[in-house]
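Q: generate coordinates for the sequence data below:
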Amino acid sequence: MEIRINGNDVTIPENLTTIQDVINHYQFKSPIIIVEHNDHILKKEDYDQAKLKPGDHIEFVQFVGGG
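A: Below you'll find the predicted structure:
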């Protein structure tokens, strides 16, 4: 399936059907992640229910420590 992640067009496997599937697939490790799906910020508890379809736009923002 073709979607856009953080401004890049990508092809993801067909078995990735939800936002949570994509997070798991890309192995995001940050305990804090913000997800915008088609211009809507999602609550963490909605990641499993947010279904993907071709052409979707997803933005992931992770917070990292440092100085």
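Q: and Lys53, that's in a strand?
A: No: under DSSP: H, G, I helix; E, B strand; the rest coil, Lys53 falls outside any strand and is assigned coil.
Q: ok, the residue nearest to it when sequence neighbours are not counted to Glu45 distance?
A: Using Cβ to Cβ, 6 or more residues apart in numbering and skipping residues adjacent in sequence, the residue nearest Lys53 is Met1, 7.7 Å away. Heads up, the C-betas are built off the backbone N, CA and C, glycines and all. Between Met1 and Glu45 the distance is 24 Å, computed by Cβ to Cβ, to the nearest Å.
Q: which residues in this protein form strands?
A: 2-5, 8-11, 33-37, 40-41, 57-62 (DSSP state E).
Q: quick one: residues in contact with the shortest one.
A: Here strand 40-41 makes contact (Cβ atoms under 8 Å, 6 or more residues apart in numbering) with Ile34, Val35.
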